[in-house]
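S.K.: Predicted coordinates and the sequence they were generated for:
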Amino acid sequence: MMKDMRIALLWVFVLFNIAFADIVGFMVPGTLEMILTGETGFEITQSLLLIFAVLLEIPILMVILNIWVSPEKMKIPNLVAVAITTIFVIGGGSATLPYFFFAGCEIIAMAVIVRLSISQR
C-alpha cells in the first residue's frame with residue numbers, strides 16, 4: 001500500500017516558502033545594508049542565529065518524520081510543529097507585501113497539515 005505523502009509535501013511547500021520569503025526579503029532596498037551594518041533593531045548574535053537554525057530545522061525534520069513514521073504517531077508532532085512554526089513565521093517576518101504573501105501561503109499550508117493530521121486514523 002502506498003503511503004500518503006500529502007503532509008510531507010506540505011512541509012516541503014512550507015520550507016520553500018520560508019526560504020523564498022527570506023530571499024525576496026533581501027531584495028527590499030536597504031535590507032542587506034541594515035543587516036550588514038547591524039541596524040536591525042536587535043543584536044544578531046550566535047545564540048540568536050542558533051535559535052533561528054533550530055526553529056528552521058523543525059519543518060525540515062517534519063518532512064522526514066512524516067515519511068518514516070506512521071501517520072497515527074505523527075498527529076501530535078505535526079500539531080506541535082505547526083504551532084511553533086506559525087509563531088516563528090508571524091513573529092520573524094518583515095512588514096512587506098511579499099512577506100505577507102509568503103507567510104499567508106505558509107499558514108494556509110500549515111492549516112491543511114492540521115486538518116490532515118486530525119483526520120488521520
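M.R.: Yep, it's here.
S.K.: okay, CA-based contacts and neighbour counts for the rest of this
M.R.: Will do.
S.K.: Now the element after the worst-scoring helix or strand of the chain on mean pLDDT, going C-ward?
M.R.: Taking mean pLDDT, DSSP states H and E as the measure, the helix or strand of the chain with the lowest value is helix 31-37, at a mean of 81. Next along the chain after helix 31-37, taking DSSP states H and E as the criterion, comes helix 46-68.
S.K.: I'd like the distance from the least confident helix or strand of the chain to the chain centre, please.
M.R.: Relative to its chain's centre, helix 31-37 lies at 23 Å (C-alpha atoms, centre = their mean, to the nearest Å).
S.K.: Name the surrounding residues that touch that helix.
M.R.: Helix 31-37 is contacted by residues 25, 26, 40 when judged by C-alpha atoms under 8 Å, 6 or more residues apart in numbering.
S.K.: which stretches of this protein aren't confidently modelled?
M.R.: 1-2, 121 (pLDDT under 70).
S.K.: What is the burial count for residue 24?
M.R.: 12 (other C-alpha atoms under 10 Å).
S.K.: what's the closest non-adjacent residue to it?
M.R.: Among residues not flanking residue 24 along the chain, residue 98 sits closest, at 7.3 Å (C-alpha to C-alpha, 6 or more residues apart in numbering).
S.K.: Show me what stretch 39-57 is in contact with.
M.R.: Contacts of stretch 39-57 (C-alpha under 8 Å, 6+ apart): 34, 38, 84, 85, 88.
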